[in-house]
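Trainee: Give me a 3D structure for the following:
(chains A and B)
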Amino acid sequence: MSADPLLRVDDLSVHFGGNQGILDRFLGDDKGVVRAVDNVSLDIGENDVVALVGESGCGKTTLGKAMIGLQRPTSGTVRFRGQDIWKSDLEPGDIPYKEIRKSLQMVHQDAGNSLDPNRTIFKNLNPALKKWRPELNLVERRELVHQMLDTVGLTPADDYASRYPHQLSGGEAQRTVIVRSMLLEPDLILADEAVSALDVSLRVNLMDLLLELQEMFSTSFVFISHNMANARYLAGRADGRIAVMYLGRIVEIGPADEIIKNPQHPYTKSLLWATSGLSEINDPIETPPVRKIDIPDPENPPSGCRFHTRCPEAREYCTSNTPDLAGMSGPSDRHEAACFDAHDSIDYRNSEPLTDDLDIGVADDAEQPAD
Amino acid sequence: MATQHTKRKTRDEPSAEHNVLEITNASVAFAMERGDARVLDDVSINVRRGEVLGVVGESGSGKSMLADSMLDAIDSPGTLTGDVVFNPPEGGEPIKVNELSKEELRRFRWERVSMVVQGALDSFNPTLSIGDHFVETLRAHDYDIQEGMERARQLISDVHLEPDRVLDAYPHELSGGMKQRALIALSLILDPDVLVMDEPTAALDLLMQQSILKLLSELKAEYDLTIVIVTHDLSHVARISDRLAVMYAFELLELGPVQDIVMDPAHPYTRELLNSIPDIDADLDEMASIEGTSPDPLNVPKGCSYHTRCPLADEQCRATNPDLMEVSDDHGAACFYTDEARETIPLKKEVSK
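Mentor: All right, here's what the predicted structure looks like:
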């Protein structure tokens, strides 16, 4: 085996839309272009778990889809075991495209809607097996499906296999979709908000199932989530990493525990502020640790560090310079953050703090405690 | 630091002075092909003046129906039985909400009790500007437009939006979080006494959710509001609520001060629910789901509705449905075995006093 990781994302960008008029192109006017993913690099190893966290519109789903070859990148590459997944002229010894497609699977956000309502569960699961495992006959396929349904707790399996999707609860539909992706024995599964539609009391159960399957089949997982608590649970249990995205960039990445207990980027800190645990119920909610609560227009992202318009630590320097992801000096060498403050940059220290319109009432709160 | 949870001396006695809304034996039923679906089953609860009441439950627990009954806003063909009584803060005759005429009800809503519904982001008319919505509401209730718009501007800046920009904007020009805040401002335009919010933040990002909760606690103090928040996420509303009501299978299972409910709930369901929440501070190995699923509205189990999932259930639970019984001062649970529940289902999360 080569030293290449399972999946290597290198300087990946995905841009959408924009005025495609010929005049705009001549004038170099890229107004209206949304840089959903902008220069992201990320390695995913064998048996690795990464949770991508961010607010809606931060590009986490687009990055995920680009990673598994469902979205063609504008620039940059995604390499599967060293081979560009968009490589068109394959040479002898290369991994066939079919093989790559099969190895990178996805579990969609809305499980109920990703099953064909007119087919039974078995008939929903059968086509994928038929296509990718042609050596199996119908009896063997049925056996395999039943076995997998059993594994995810949909028992009795033959009963579930003959049901229609509307006869399943949300959690059961979610399990079925997970089975469908696992049947192909992929190397990497992208799970897009796989648990957020479920009731709170069922989430841990489903996350445990995903982790069990991950261990059982040594599959790598990329979980997309907007919820820090869920991301921490998944990544934490599997000894994986959390990557925090903001407006198309990864601003911080590291082991789950490090990100939760020792966040370095102000944006990560603000996400953690928003995820208050039950142990804080006696404290009033503090003022948000951001200067503005609204996300800037992604068509027109701020210059420099994209978080500078909301960042409480932002200084002049941040408005024109873009910080890169760099390792933190800390207990973990896998912890990286893209922030001048976290890295104690000298240029940053020497510039003036930004003190513009604080629109969330920080000043009032500082003077006197609210009643 | 300011203390948020000021101890009030009010207990659940039926005193009109303290209770702004009194709901007694409220039930909602829908006639369906497969039979009658009871989506709210004999719920009695009082909403106290000036409190934040969090109503917590999973999907299909009847929590939205409880919220809707507070304004008698049950969609046809659903029918509301029982009593919903509103006590005006200025004194005077209590208003029987579910006996109001259509016109009286129209006035009652917005002016007395205002509601922010679920899926609020679609609540705006896409062909009207945000400002038009304010004008329309003021006009429909015969309020002075100019005076009302002054108040609108104040409310909009209270929710950290720019009045000039937002009033002229159309709904599609605002982000989800901005729309939600504009809607909260709109719901307060006629100075209601009670604000009922059904999943007010569910579709929003966490940062925005928390910011809106923070805003609500500010608005509550400023406008002397009573707030009812309905949500599926207990940990989310715990910090701004004074009391929590836990619903399961269309019934009220537990009701009490938020500290009691979170630190030592008495109902097995609440205890297991707390243990199942993926909490950011809790130990990773100590979270577990509740086995089984919530019952179908057409087929709620006899006896205690939770007995099919409850580890403590016995003959009595299968036969008789317990009423909300007092556990301690101001704290009630609908369970025969509250002491046993506290013993046999340990809380896995340590909540700091």
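Trainee: Now do the residue lying closest to A:Asn321 once chain neighbours are set aside: how many residues are near it, please.
Mentor: In space, and not counting its chain neighbours, A:Asn321 is closest to A:Gly304: 5.4 Å by C-beta to C-beta, 6 or more residues apart in numbering or on different chains. Any C-beta I mention is one placed from the backbone N, CA and C, and that applies to glycine too. By other C-beta atoms under 10 Å in any protein chain shown, the residues close to A:Gly304 number 18.
Trainee: was I right about A:Gly304 contacting A:Thr322?
Mentor: Yes: using C-beta atoms under 8 Å, A:Gly304 makes contact with A:Thr322 at a distance of 5.7 Å.
Trainee: which residue ranges form the strands in the stretch 101-250 of chain B?
Mentor: Taking DSSP state E, counting those that start in this stretch as the criterion, the stretch 101-250 of chain B carries its strands at B:113-116, B:194-198, B:226-231, B:243-248.
Trainee: winner for burial among those strands?
Mentor: strand B:243-248 (a mean of 26; mean count of other C-beta atoms under 10 Å in any protein chain shown).
Trainee: before we move on, the earlier item: residues contacting the residue nearest to A:Asn321?
Mentor: Residues counted as contacts of A:Gly304 (C-beta atoms under 8 Å, 6 or more residues apart in numbering or on different chains) are A:Tyr317, A:Cys318, A:Thr319, A:Ser320, A:Asn321, A:Thr322.
Trainee: out of those residues, who has the most neighbours?
Mentor: Within the contacts of A:Gly304, neighbour counts (other C-beta under 10 Å) peak at A:Cys318, which reaches 28 neighbours.
Trainee: Spit out the contact partners of it.
Mentor: A:Cys318 sits next to A:Gly304, A:Cys305, A:His308, A:Cys311, A:Phe340, A:Tyr348, A:Leu354 when contact means C-beta under 8 Å, 6+ apart.
Trainee: State the distance from the first one to chain B.
Mentor: According to C-beta to the nearest C-beta, to the nearest Å, A:Gly304 and chain B sit 21 Å apart.
Trainee: And the pLDDT at that residue?
Mentor: With respect to pLDDT, A:Gly304 scores 90.
Trainee: can I have stretch A:274-287 written out in CSV, keeping just the CAs?
Mentor: Output of stretch A:274-287 as CSV, limited to C-alpha atoms (Å, rounded to 0.1, in the frame of the first residue of the first chain):
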residue,chain,number,x,y,z
ALA,A,274,-24.6,28.6,21.5
THR,A,275,-24.5,25.0,22.6
SER,A,276,-25.2,25.5,26.3
GLY,A,277,-25.2,22.3,28.3
LEU,A,278,-27.7,21.5,31.0
SER,A,279,-25.2,22.3,33.7
GLU,A,280,-25.6,26.0,33.0
ILE,A,281,-29.3,26.3,33.5
ASN,A,282,-29.0,28.5,36.5
ASP,A,283,-26.9,31.1,34.7
PRO,A,284,-28.6,33.7,32.5
ILE,A,285,-27.6,33.5,28.8
GLU,A,286,-24.6,35.7,28.3
THR,A,287,-24.3,38.2,25.5
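Trainee: What count of nearby residues applies to residue 142?
Mentor: Defaulting to chain A. By the criterion of other C-beta under 10 Å, A:Arg142 has 18 neighbours.
Trainee: To clarify, I was referring to chain B.
Mentor: 7.
Trainee: Closest residue of the stretch 51-200 of chain B to chain A?
Mentor: Proximity to chain A, evaluated over the stretch 51-200 of chain B using C-beta to the nearest C-beta, is greatest for B:Glu58 at 4.1 Å.
Trainee: from memory that residue sits against A:Val200, does it?
Mentor: Yes: with contacts counted by C-beta under 8 Å, B:Glu58 reaches A:Val200, the gap being 6.8 Å.
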